[in-house]
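**Student:** give me coordinates for this.
(chains A, B, C and D)
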There are 2 protein chains.
Amino acid sequence: MSLQQIRYFVAVAEEENVGRAAERLRIAQPALSRQIRNLEAEFGTELFERTSRGMRLSSSGAVFLPHARAILSSVESATAALYKR
Amino acid sequence: MSLQQIRYFVAVAEEENVGRAAERLRIAQPALSRQIRNLEAEFGTELFERTSRGMRLSSSGAVFLPHARAILSSVESATAALYKR
DNA sequence: GGAGTTTACGAATGTCGTAACTATC
DNA sequence: GATAGTTACGACATTCGTAAACTCC
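**Tutor:** All right, here's what the predicted structure looks like:
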């Protein structure tokens, strides 16, 4: 699990679509798809349900999302504390 | 900034010595030294004062340490939440 | 057949360990 | 000269983008 993967996960969870999320993150679609797959493989559970329309959070994904946001938030407050000097 | 770098930073802050921290992390000394340097370069500030005995937190490092621990703690609670299902 | 996701593959980037260097006591 | 940190360099692993393939309407 890397911070980048967490950011990727949140973007996909919000867009419910890998293509749009990739555009927002300014990376290519396959790179994003792979990182999500890698994250799921590491956790041993699928974070999304793949539908014909895109991706929707699975129950595991729904559990993880608030934690993911908390991690990113603590990272932001860490950098803010450092740059505020 | 990566989670690994944050773990490395905390280890060095606790050991006040790159060699011991590297041993604890089971990586080689230079790898650890470089990652700390990379982190400092990214932040644009030194996190440690280098003494003849080892490393001591700088004022920036002292600011960052509790944030670093908070990040790692939120990561742990995220993984715990996922594995508890 | 179109929208969306994934796999294949080569290129670029990052991280590591060993060995050599620097500095301080 | 011993202890501690850093730099150099080549090897290994990860991540990326382009192109092609798969899948479900």
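**Student:** CA only for contacts and neighbour counts going forward, please
**Tutor:** Noted.
**Student:** list the buried ones in stretch A:47-54?
**Tutor:** Neighbour-count burial for stretch A:47-54, with 16 or more other C-alpha atoms under 10 Å in any protein chain shown as criterion, is recorded at A:47-48.
**Student:** check whether that stretch comes into contact with DNA strand D.
**Tutor:** Yes. Using C-alpha under 7 Å from any atom of the strand, a contact is recorded between stretch A:47-54 and DNA strand D, made by A:Ser52.
**Student:** okay, how far is it across that stretch, tip to tip?
**Tutor:** The stretch stretch A:47-54 measures 13 Å between its terminal residues, going by C-alpha to C-alpha, to the nearest Å.
**Student:** what secondary structure does A:Arg56 sit in?
**Tutor:** strand (DSSP: H, G, I helix; E, B strand; the rest coil).
**Student:** show me what from chain A comes close to DNA strand D.
**Tutor:** Listed as neighbours of DNA strand D in chain A under the rule C-alpha under 7 Å from any atom of the strand: A:2, A:26-32, A:35, A:52.
**Student:** buried only: go through those residues for me.
**Tutor:** Neighbour-count burial (16+ other C-alpha under 10 Å) is assigned, among those, to A:29, A:32, A:35.
**Student:** let's have these in JSON lines, adding pLDDT.
**Tutor:** As requested, these are arranged in JSON lines below (pLDDT from 0 to 100):
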{"residue": "A:Gln29", "pLDDT": "98"}
{"residue": "A:Leu32", "pLDDT": "98"}
{"residue": "A:Gln35", "pLDDT": "98"}
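**Student:** and the longest helix belonging to chain A, average pLDDT?
**Tutor:** Counting by DSSP state H, the longest helix found in chain A is helix A:59-83. pLDDT averaged over helix A:59-83 equals 97, rounded to a whole number.
**Student:** for the host helix or strand of A:Arg37, the distance to its chain's centre please.
**Tutor:** Assigning secondary structure by DSSP states H and E places A:Arg37 in helix A:29-43. Per C-alpha atoms, centre = their mean, to the nearest Å, the displacement of helix A:29-43 from the mean C-alpha position of its chain is 9 Å.
**Student:** next, see if that helix gets close to DNA strand C.
**Tutor:** Yes. Residues of helix A:29-43 are located near DNA strand C by C-alpha under 7 Å from any atom of the strand, namely A:29-30, A:33-34, A:36-37.
**Student:** ok, so of these, who is nearest A:Ser77?
**Tutor:** Of all those, A:Ile36 has the smallest distance to A:Ser77: 25.1 Å, by C-alpha to C-alpha.
**Student:** isn't that closest one right up against A:Ala11?
**Tutor:** No. In this structure A:Ile36 lies outside contact range of A:Ala11 using C-alpha atoms under 8 Å: 10.6 Å.
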